[in-house]
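> Mind folding the following:
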Amino acid sequence: MINALIRFSVENRLIVILLVAIMSAAGAYSLINLPIDAVPDVTNVQVQVLTAAPSLAPLEMERQVTFPVEVAMSGLPDIEEIRSVSKFGLSAVTVVFDESVDTYFARQLVLERLAQAREQIPESIGSPEMGPISTGLGEIYQYELKSPDGSYDAKALRTVQDWNVRRQLLGVPGATEINSFGGYEKQYQVRLEPAKLQSYGLTMRDVFEAVSRNNANVGGAYIQKGAEQYLLRGLGLVENPEDIGNIVVKTGPEGVPVYVKNVGEIVEGSTVRQGAVTADGKGEIVAGIVLMLKGENSRTVVENVKSRVEEVKKSLPAGVELSPFYDRTQLIDRAIATVEKNLIEGAILVIVVLMLLLGDWRGALLVATIIPLSMLFAAILMRVFNVSGNLMSLGALDFGLIVDGAVVMVENTIRRRAEAQHEAETLGHHENPQRTILESCLEVARPVVFAVAIIAIVYLPILSLRGIEGKMFVPMALTVVFALVGSLLLSLTYVPTMMTLVLSGKVSEKESFLIRWAKKAYIPAFDFVGRYRAQALALAVGLVAISGAIFPYLGSEFIPRLDEGDIAVQVQRLPSVSLEESVRNTTEVEKVLMEFPEVKTVISKTGRAEVATDPMSVDFSDLYVALKPPEEWTTTNDKTELVEKMSKALEERVPGAMASFSQPIELRVAELISGVRSDVAIKLYGDDLKVLKEKADEIVKSVQTVQGAEDVKAEATSGLPQLQIKPDRAAIARYGLNVEDVNDLVESVVAGKDAGQVYEGEQRFNLVVRLDEESGKNVDAIRNLLLTAPNGSRVPLSQVADIQLVEDAAQITREDTRRRIGVELNVRGRDIGSFVEEAQAKIAREVQLPPGYYLKWGGTFENLQRASQRLLIVVPIALFLIFVLLYTTFNSIKQALLIYTGIPFAIVGGVVALALRGMPFSISAGVGFIALFGVAVLNGVVMVSFINQLREQGKSLADAVREGAITRLRPVLMTALVASLGFIPMAIATSAGAEVQRPLATVVIGGLITSTLLTLLILPTLYGWVERDEDLEISGDNEL
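Predicted coordinates for the structure are as follows:
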């Protein structure tokens, strides 16, 4: 079949060229429309269930909302984890599904169970709803609204955001939610005065029911008049504060109506908010966050948003401006620029090496055309299999590996054409170039297929990776395999076709100066090793042993941290802090950070947004610190040093603010995946919140002394001040009251009760009935609130309820239906693997847990553990597949094992290269080792197969080994050089995203250096030893 394909290509050149042109056009189209992002979206398949109950404390949220939702979700299929957090006014339950589950199917499953959960939750509390279909990479565009001339206050700006900007941006394709944050949400309020209520003999419920009943439009079908019909409408909706004030609550004894305005005032107020946004130390702003629908092309969506924003700006009222402060395309452009730079530089190096080593510029250029064509072929399959273009999927392509098959084809053809021409000149007959090219291609067709197969096969086990590492490296493996398949097809069709066109003229096989120089150095070295065979083998074994001894000291980490270019700072305060104090404190933090000349702007989000996808309480603030380009930095050139300076400045100048540093995407993704926002999380599980807090504090004290521990803190689970009002059932019975009367009063003090809506054109605002500001200002005012008994008497709240100021739970976090508390920390200046090993030993010595309480380690360390365990399975599989392929090729276990020696030789260089560059072992490096195995084995195959051919031709073992080693020097060097040089730009790059690629490239380059040297020097010696005859003697006096 392979031979027939090559024959068809040579005999039908026009068809092949047309097919390649069509493929190129399809590839170009696919490449243009390929979804582009900076990094793969590693967020797991999850559905958030959010329930807002503005009046409930954390314990009530857990008992009445969170627990019923968890129970309803527990029976769903393919669930990996259920975790939740219950805070004041909010329950957030996250249901994590297996990766094989489709997101929309998962949401359908959750939606069906929500009906069951709602039956268990009182209607007055709230209704659980699903969060938006977004991911950790979903926040793609953020902007602020401001009024430079001060004509719009925070409430007016928020109204513009909610009813003008948000509604227009929601229509952008790919945008699933526009989250409003900051400012004050407008609300119409009926603020009742207790004294006036008492004087008119009214209760708060009387007013609430009156307002509710007098704010509605109705329809009465239609009446017919003659040939026409008229619709009947009853128009009773209130349209302004005057309408509300004129609602009659009751009629007095003498027929005098009592209006709502008689017992209170009607004002335009704002809802009780749980979040705020500030900027640059200058106070509050109103912000909007665009969330992208999962699976969309982020670059395209951002461009569409930016286009729509320009239209929105035209519709903004005079005095209002919209300006973005976060744009994902900036990171995407930097990361893709890194990929483009590395690929272009790698391709140029490969082409230069091919020209130098092949000795024929036409052949080198022909091989070089395989690079873009294979890339276009890969783009088609990437579109088909929904693989996005990003730092990992495109950045790990090595064009040296891709052109390997074409190099074999062209190199053999040049050699055969040169021989055929020389023979024709000697014998005086005419050579048929097309037949020579066809024969040379058929001669190496099987080796070409084998070469590409052995490179591709080592990538296949990577496809079994799961979790974050799977989402990071599976796209890379798929892209490489796609490109390899494309290069193989092109090598068997396009290359033979084009060689009949570009290599049909006179061809001379001449060694380049590099090959001549290499042979001049190689032959004496080869002969020297042949004379001291035992010592050379001992040295090789010693190098393998040394690398094995070095490996444990490398340390370990999950994946190198991608430098996003900006900084995220999380500030935590005491749970008792108010929103106003948090805003003031955050403003101080912003002022300190803005003093650094490297900082462009600082935007802070305190508490949570309207759609609480990130359920922060008001004691937490997330600061987005946008940095200037590095070339404009003045106080430092290192981001880590800048973070340390910022941390020190905040410790000294902003007391009470515990700051931890991360990056925007990293922070969000970490929380969505594992529920924590740090490199390492120590999760303590148990039932008693008090015990959990005590033990968490002990863990903090123990772990913060471990070298490398930074930003160590325990989750704030307690310390939330509460004014608890517990009805005295005996007392309320004496007055003829009930618990509902007391709870109505408590609920109405500040938040109020919804009594309908007020429409202003297309805008609508809630209408609530509450007590006036004075009634809820302090504890004494609340104690003296009056209840009206059935007999008309007024009873102070303090006489029918126990009122106490206590501290209680600030938040309750649960995982898999058990309460837990987390100790979060970041690791700086040290690898995570060794840090956790030391911290685990220290905690085991110093912290004693009660029965029923246990620890789990999470964060990136958990990912590292899982990925390492998977690699322990994947790597042996890759090695086994290579062995099977070798055995089926050589039909000899002995020679298959002989070629296998290239793998430990390659590991030596990879380990030493990591050690010399001070890089810990990471999953990136592990994938580099897997890729390295294929190239290392391929070099051995090139060497051993040619020696076997020489022996089959009747040469002695000694002569075959020596001649084979020297003759195969050029292809071995060419394979190693083009593969390693293709990775060099990646290994030395310092631009955005290079951190993830560097370990992989470093391993491949280092491994190829040692593997090539040992393949050229040790493998022939091992071959001679394994296949030894009685008369084996490799002498340095032998001639080629």
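
> how near is the closest residue to V746 other than its chain neighbours to G776?
Spatial nearest neighbour of V746, chain neighbours left out: I725 (5.3 Å); criterion: Cβ to Cβ, 6 or more residues apart in numbering. Where C-beta positions appear, they are placed from N, C-alpha and C, glycine not excepted. Using Cβ to Cβ, to the nearest Å, one gets 12 Å for the distance from I725 to G776.

> In terms of neighbours, single out the busier of these two.
I725 (20 against 16; other Cβ atoms under 10 Å).

> Who are the contact partners of that one?
Neighbouring residues of I725 by Cβ atoms under 8 Å, 6 or more residues apart in numbering: 742, 746, 782, 797, 801-803.

> Quick check: it is in a strand.
Yes. The assignment for I725 by DSSP: H, G, I helix; E, B strand; the rest coil puts it in a strand.

> For it, give its distance to G346.
Taken as Cβ to Cβ, the span from I725 to G346 is 70 Å.

> follow-up on the earlier one: if any of the contacts of I725 are buried, put those into a PyMOL selection.
Remark: buried members of these, expressed as a PyMOL selection using 16 or more other Cβ atoms under 10 Å:
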select buried, resi 742+746+782+797+801
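
> count of residues packed around the spatially closest residue to P575 that is not a sequence neighbour?
Distances taken as Cβ to Cβ, 6+ apart place A810 nearest to P575, at 3.6 Å, with adjacent residues excluded. For A810, the neighbour count with other Cβ under 10 Å is 23.

> which residues in the stretch 51-200 of the chain form helices?
Assigned by DSSP state H, counting those that start in this stretch, the helices in the stretch 51-200 of the chain fall at 58-61, 67-74, 103-120, 154-160, 166-169, 194-199.

> Would you mind listing the buried residues in the longest one?
Burial within helix 103-120, assessed by neighbour count using 16+ other Cβ under 10 Å, is assigned to 103, 106-107, 109-110, 113-114, 117-118.

> now do the first one
Residues of helix 58-61 classed as buried under the neighbour-count rule (16+ other Cβ under 10 Å) are 58, 60-61.

> thinking again about what came up before, where's the residue nearest to V746 relative to E747, distance?
Distance, I725 to E747, using Cβ to Cβ: 10 Å.

> One more: Y259?
Taking Cβ to Cβ, one finds Y259 at 24 Å from E747.

> same thing with L689?
The gap separating L689 from E747 is 25 Å, by Cβ to Cβ.

> If you count surrounding residues, which of these two has more?
With neighbours defined as other Cβ under 10 Å, L689 and E747 compare such that L689 has more, 19 against 16.

> Point out where the stretch 601-750 of the chain drops to low pLDDT.
Residue ranges of the stretch 601-750 of the chain with pLDDT under 70: 610-614.

> how about the strands in it?
Under the criterion DSSP state E, counting those that start in this stretch, strands of the stretch 601-750 of the chain are mapped to 620-627, 658-662, 680-685, 709-714, 718-727.

> Which among these is found nearest to T1012?
strand 680-685 (39.5 Å; Cβ to Cβ).

> Show me what the closest one is packed up against.
Strand 680-685 sits against helix 689-703, strand 818-827, helix 832-846, strand 854-859, helix 860-890, with contacts defined as 3 or more Cβ pairs under 8 Å, 6 or more residues apart in numbering; DSSP states H and E.

> before we move on, back to that, need the helices of the stretch 51-200 of the chain in a markdown table with mean pLDDT and distance to G1024, can you?
Formatted as a markdown table, the helices of the stretch 51-200 of the chain follow (pLDDT from 0 to 100; distance: least, Cβ to Cβ, whole Å):
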| stretch | mean pLDDT | distance to G1024 |
| --- | --- | --- |
| helix 58-61 | 90 | 76 |
| helix 67-74 | 92 | 66 |
| helix 103-120 | 91 | 59 |
| helix 154-160 | 93 | 82 |
| helix 166-169 | 94 | 73 |
| helix 194-199 | 84 | 104 |
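
> Quick one: closest of those to I523.
Judged by Cβ to Cβ, the one of the helices of the stretch 51-200 of the chain that comes nearest to I523 is helix 103-120, at 61.9 Å.

> which one is V502 nearest to, not counting chain neighbours?
Nearest residue to V502, sequence neighbours excluded (Cβ to Cβ, 6+ apart): R362, at 4.9 Å.

> quick revisit: list the residues that are in contact with both of I725 and G776.
Joint contacts of I725 and G776 (Cβ under 8 Å, 6+ apart) are I782.

> Which among the strands of the stretch 601-750 of the chain is found nearest to R820?
Among the strands of the stretch 601-750 of the chain, strand 680-685 sits nearest to R820 (Cβ to Cβ), with 4.6 Å.

> Just give the nearest non-adjacent residue to D153, would you?
Closest residue in space to D153, ignoring its immediate chain neighbours: S147 at 7.7 Å, by Cβ to Cβ, 6+ apart.

> check contacts around that neighbour.
153, 156-157, 319-321.

> Separate out the buried members of these.
Buried, going by 16+ other Cβ under 10 Å: 156-157, 320, out of the contacts of S147.

> circling back: would you turn the helices of the stretch 51-200 of the chain into JSON lines with distance to M974?
Putting the helices of the stretch 51-200 of the chain into JSON lines (distance: least, Cβ to Cβ, whole Å) gives the following:
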{"stretch": "helix 58-61", "distance to M974": "67"}
{"stretch": "helix 67-74", "distance to M974": "58"}
{"stretch": "helix 103-120", "distance to M974": "46"}
{"stretch": "helix 154-160", "distance to M974": "65"}
{"stretch": "helix 166-169", "distance to M974": "55"}
{"stretch": "helix 194-199", "distance to M974": "92"}
